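S.K.: I'll drop the sequence and a predicted model, then ask my questions.
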Amino acid sequence: MSAEQAGAEIVMMVNAVVRALVEAPDDSCVLARFEDGWVRVNISVPPDDLGKVLGRSGKTIRSLRSIVQAVSSKNKVRCELNVYETRGAA
């Protein structure tokens, strides 16, 4: 499996988890970038949903990163998962 295919698989999995966690799934976005041999997965969520993705003491995001690491390791791809707060019009 190529890095792009593995990245697409990881994005679909992360997107399903994030959409299940947040209040406004249509306002969240999961994208992947491929650079320097890495798959960089970026999650963007509204400020109100950021805590739901991070979890208490970061437990939810840590668990999600562990799952992503397992999938990427299985596919022999290096992966990084980042969470960003979207900036909306106030």
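M.R.: Ah, there it is. Numbering: from 1, shown residues only.
S.K.: in a strand, residue 20, correct?
M.R.: No: read with DSSP: H, G, I helix; E, B strand; the rest coil, residue 20 is helix and lies in no strand.
S.K.: got the contact list for it?
M.R.: By C-beta atoms under 8 Å, 6 or more residues apart in numbering, the contact list for residue 20 is empty. In short, each C-beta sits where N, CA and C put it, glycine included.
S.K.: so what pLDDT did it get?
M.R.: As predicted, residue 20 sits at a pLDDT of 95.
S.K.: in the one helix or strand residue 7 maps to, what's buried?
M.R.: Assigned by DSSP states H and E, residue 7 belongs to helix 3-21. Across helix 3-21, burial judged by 16 or more other C-beta atoms under 10 Å covers 3, 6-7, 9-11, 13-15, 17-18, 21.
S.K.: how about stretch 73-85?
M.R.: Quick answer for stretch 73-85 (16+ other C-beta under 10 Å): 75, 77, 79, 81, 83.
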